[in-house]
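Student: only the shape, not the letters, is given here:
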């Protein structure tokens with residue numbers, strides 16, 4: 001669960017997250033906006049369980065999302081803008097059905 005610690009008085013902007021329009025504080029990171037609205041970053045490629053951003057500072061690459069049509073963007077390093085379109089990327093599953101040799 002992701003929760004803001006303090007009230008936020010920044011103006012709100014509209015962004016689209018996985019097809020749903022939401023209002024988030026201007027200047028917030030995409031990762032924080034997704035998490036604050038109850039979303040997840042991706043799914044684990046093997047188990048299918050939801051995954052989230054880990055470090056929130058651009059090191060781990062767990063937060064890669066499609067932002068305004070561009071794949072593999074770091075959500076924790078990208079600030080929201082009015083009208084931004086944010087989408088989870090499908091997990092890469094090719095070759096994972098076989099055990100390594």
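Tutor: Now that the structure is in, tell me what you want to look at. All of these numbers come straight from a predicted model, not from anything done at the bench. Numbering: from 1, shown residues only.

Student: distance between stretch 65-77 and the chain's centre?
Tutor: Relative to its chain's centre, stretch 65-77 lies at 8 Å (Cα atoms, centre = their mean, to the nearest Å).

Student: ends of that stretch, how far apart?
Tutor: End-to-end span of stretch 65-77 (Cα to Cα, to the nearest Å): 11 Å.

Student: touching that stretch from outside, list them.
Tutor: Applying Cβ atoms under 8 Å, 6 or more residues apart in numbering, the contact partners of stretch 65-77 are 29-32, 34, 41-42, 53, 55-58, 61, 63-64, 78, 84-89. For the C-beta atoms, the positions are set from N, CA and C on the backbone; glycine is no exception.

Student: what residues sit buried inside it?
Tutor: Within stretch 65-77, the residues scored as buried using 16 or more other Cβ atoms under 10 Å are 65, 66, 67, 73, 74, 75, 76.

Student: about what we covered before: just the ones of the contacts of stretch 65-77 in strands?
Tutor: Among the contacts of stretch 65-77, the members falling in strands (DSSP state E) are 42, 64, 85, 86, 87.

Student: ok, and the closest non-adjacent residue to the second one?
Tutor: What it means is residue 64. Counting by Cβ to Cβ, 6 or more residues apart in numbering, residue 72 is the residue found nearest to residue 64 once chain neighbours are left out, at 4.9 Å.

Student: ok, the one you found to residue 12 distance?
Tutor: Using Cβ to Cβ, to the nearest Å, we find residue 72 at a distance of 27 Å from residue 12.

Student: repeat that for residue 61.
Tutor: Separation of residue 61 from residue 12 (Cβ to Cβ) stands at 29 Å.

Student: give me the neighbour count for residue 81.
Tutor: 14 (other Cβ atoms under 10 Å).

Student: in contact with it, which residues?
Tutor: Contact partners of residue 81, counting by Cβ under 8 Å, 6+ apart, are 13, 15.

Student: perfect, I'm done here.
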